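# Here is a sequence together with a model predicted from it:
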Amino acid sequence: MGSTGSPPEEVLSAKIVVAGGFGVGKTTLVSAVSEVPPLNTDAWMTEASAGVDELDAGADKATTTVAMDFGRVQLHRDLVLFLFGTPGQGRFWFLWDDLARGALAAVVLVDTRRLHESFAAVDYFEHDSAVPFVVALNLFDGVLVHDPEEVREALALPERVPMVTGDVRDFDSTVDILRRAVRHTVEQVAPG
């Protein structure tokens, strides 16, 4: 039987973990690019979480991720990414090993207004995981509170770990962050 077209192109899939502290924008990142309705395991923040899940005064966060976020985006015609967002609160960090297992890359999302929320995620991927990662500075309101090199120094981030900036509410900006994460892994596997 003859075929008039070229053979179908093989589509590869890869798992990307989106990690970071509480309230840095992980759910927003997954939701901004997912081509399918994202799965969010958010729960309403209540008075019971006061003193446990603290955001700076004036923040309007009403929910928090209690297991994971999940989304899917076709990054290229032959590459589909499955995005897994981690919960940011310390009491749910036990899930991170399972979420990171089998991942091609990770994006550690950083809110430069609250750097202290980022130390645990950077430490996890630097010391407790073999998953290559990039650090993405989330541009809340288009502003970085700290210069990227100041952030690198504050997080004790080695030069070998790429740092990118972007607004995770924006599709194109978020896709750029994901492309950089994939590219970083490829560079680790096949330098040059």
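Perfect, I can see it now.

# Only C-alpha atoms from now on, for both contacts and neighbour counts.
OK.

# Surely residue 135 is in a helix?
No - for residue 135, which was evaluated using DSSP: H, G, I helix; E, B strand; the rest coil, the result is strand, with no helix membership.

# separation between it and residue 35?
Counting by Cα to Cα, to the nearest Å, the gap between residue 135 and residue 35 amounts to 23 Å.

# Same drill for the two, tell me which one is more crowded.
residue 135 (25 against 12; other Cα atoms under 10 Å).

# Residue 10 contacts residue 80, doesn't it?
No - at 10.9 Å, residue 10 and residue 80 do not qualify as touching, with contact defined as Cα atoms under 8 Å.

# ok now the helix or strand containing residue 27, how far from the chain's centre?
Assigned by DSSP states H and E, residue 27 belongs to helix 26-33. Mean-position distance between helix 26-33 and its chain equals 8 Å (Cα atoms, centre = their mean, to the nearest Å).

# who does it touch, helix- and strand-wise?
Contacts of helix 26-33 with other secondary structure elements, assessed using 3 or more Cα pairs under 8 Å, 6 or more residues apart in numbering; DSSP states H and E, are made with strand 12-20, strand 63-76, strand 79-85, helix 171-189.

# nearest to residue 107, of those?
Among the helices and strands packed on helix 26-33, the nearest to residue 107 by Cα to Cα is strand 12-20 (4.8 Å).

# tell me the angle of that closest one relative to helix 26-33?
Angle of strand 12-20 versus helix 26-33, following axes from the mean of the first three to the mean of the last three Cα atoms, to 10 degrees, is 140 degrees.

# Give the rounded mean pLDDT of strand 12-20.
Confidence for strand 12-20, expressed as mean pLDDT, is 95.

# can you list contacts of that strand?
Where contact means Cα atoms under 8 Å, 6 or more residues apart in numbering, the residues beyond strand 12-20 that reach it are 26, 78-88, 99-100, 102-110, 117-118, 120-122.

# Buried among those? Need that as a selection in ChimeraX.
Only the buried members of those end up in this ChimeraX selection, burial being decided by 16 or more other Cα atoms under 10 Å:
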select :26,80,81,82,83,84,85,86,87,88,99,100,103,104,105,106,107,108,109,110,117,118,120,121,122
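
# Do I have it right that residue 169 meets residue 32?
Yes - the criterion here is Cα under 8 Å, and residue 169 meets it with residue 32 at 5.6 Å.
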